Structure formats: C-alpha cells, structure tokens
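In: dropping the sequence and predicted coords here.
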Amino acid sequence: EAWDASATMDLQDLCLPRVAAILILDADGERIACKAFTPRLQSAGALKALQSRIFGRSKLSVGGEIGDIFILDAYSIVFKGSSDALFYVVGDSAENELIIQAVLDALVETLAGLLGSQLDRRTLLDNLAIVLLTLDEVVDSGMILETNPQALRQRVMMRGSEDGPNQAMSELTISEALSQARESMIKTISRN
C-alpha cells in the first residue's frame with residue numbers, strides 16, 4: 001500500500017497549536033490591526049461580526065485589571081488591554097489556552113519593546129508597519145512561529161543577537177537605520 005503524504009500532513013496540522021485570528025482594537029472597538037487565519041474568518045463580514053461580539057464580551061469581562069480569557073462560539077479568546085488599545089488572540093475552543101496566552105504575551109511584550117512601553121492607539125497607528133510585521137513574525141497562516149519577545153524584536157528589527165542591545169525603531173534616526181542596514185548587508189556578504 002502506498003504512503004499518503006497528505007494524510008501525514010493533516011495529522012501534523014491537527015497536532016500543531018494554531019491561532020484563528022489576532023485582533024488589535026481601540027477603546028471604541030474599532031480595528032487598529034487584524035490578521036485572520038481560518039477560512040471561516042476570511043470574509044470581511046464574518047471577521048467584523050466576530051470582532052463586534054468579542055469586543056462586546058470583553059467589555060463585560062473587564063474588572064479591575066484588563067485581561068482575561070473567555071469562550072465565544074467555537075473560539076477561545078485571550079485578551080489584554082493597555083491605555084486605549086485591546087489585544088486579542090483567538091484560537092479554536094479546543095486549543096490550549098496557555099499556548100494562546102503565550103502568543104498574546106509575546107505580541108504585547110514585543111510591541112512594548114519596539115514602540116516603548118506605552119501601547120496606545122496613536123502609537124500603534126503611527127507604527128502600523130511594525131505592528132503588522134510583528135504579527136507576521138509571531139504567527140504565519142495560523143501556525144505559531146515564535147513566542148520569545150527578544151527573538152521577535154530582533155527579527156522585526158532585522159538584527160541578529162550579535163548586534164548588541166536592542167533599540168526601539170522609533171528611537172533610530174534615518175542615518176542610524178541606514179548605517180545598521182549597511183552593516184547588516186556587509187556581514188551577510190562577508191559570510192558568503
């Protein structure tokens with residue numbers, strides 16, 4: 001009997017932790033950034049409806065500290081808030097909540113390290129490219145790639161661990177950024 005590689009891939013997909021969506025909303029429930037990874041959420045209408053329901057439910061869940069976990073429909077949702085931004089990671093209801101929480105923590109800690117500790121709506125919108133790149137580095141097609149904030153910051157800044165202390169991108173001048181890019185290219189060329 002022939003070996004079926006697609007059956008093996010399906011089994012591996014079932015064993016890997018997955019994220020259904022990541023949403024960053026402002027205090028009014030309006031979208032700052034979002035990535036959806038499941039076919040059920042690929043349409044704008046389905047994602048907008050889930051976004052509204054998640055925001056409404058999280059407003060009810062917030063007590064003294066902003067952050068919680070809840071189940072809504074077929075999803076487990078963890079969220080954390082800052083001054084006027086809310087970060088959500090959505091997983092399947094059967095997904096391990098600790099893994100989903102690790103993704104959320106990595107996202108928030110990475111963005112705090114890159115943008116400064118104040119993660120408000122204005123800062124996130126002003127640095128939307130960094131926010132979207134961070135989302136891409138944490139999760140790709142629903143698969144969790146990295147949850148180490150330091151490694152994520154280095155990936156987003158396109159620096160290796162040998163490049164010294166981390167510096168927030170917002171603190172770099174244009175000449176410093178160009179200098180770092182030139183040094184990175186020289187290192188890459190000299191290795192080859």
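Out: That came through fine.
In: how about the helices in this structure?
Out: Taking DSSP state H as the test, the helices found in the chain are 5-15, 44-61, 97-115, 121-126, 128-138, 149-156, 174-191.
In: gap between residue 183 and residue 121?
Out: According to CB to CB, to the nearest Å, residue 183 stands 34 Å off from residue 121. C-betas here are computed from N, CA, C, even on glycine.
In: more crowded one of the two?
Out: Taking neighbours as other CB atoms under 10 Å, residue 183 and residue 121 compare with residue 121 leading, 19 against 12.
In: nearest residue to the middle of the protein?
Out: Nearest to the mean C-alpha position of the chain, counting by CA atoms, centre = their mean, stands residue 135 at 3.5 Å.
In: tell me who's in contact with it.
Out: Neighbour list for residue 135: 22, 33, 35, 107 [criterion: CB atoms under 8 Å, 6 or more residues apart in numbering].
In: quick check: which ranges of this structure have low pLDDT?
Out: Applying pLDDT under 70 to the chain flags residues 1-14, 60-67, 159-177, 191-192.
In: rerun at 50
Out: By pLDDT under 50, the low-scoring segments of the chain are 1-9, 12, 63-64, 160-166.
In: contacts only, for the residue lying closest to residue 55 once chain neighbours are set aside.
Out: Distances taken as CB to CB, 6 or more residues apart in numbering put residue 29 closest to residue 55, at 3.8 Å, once the chain neighbours are dropped. For residue 29, the contacting residues are 51-52, 55-56, by CB under 8 Å, 6+ apart.
In: wait, isn't residue 76 in contact with residue 93?
Out: Yes: using CB atoms under 8 Å, residue 76 is in contact with residue 93, at 5.2 Å.
In: looking at these two, which is more packed in?
Out: residue 76 (21 against 13).
In: wait, what's in contact with that one?
Out: By CB under 8 Å, 6+ apart, the neighbours of residue 76 are 69-70, 90-93, 95, 97, 100.
In: mind running it again at 7 Å?
Out: Neighbouring residues of residue 76 by CB atoms under 7 Å, 6 or more residues apart in numbering: 69, 91-93, 95, 97, 100.
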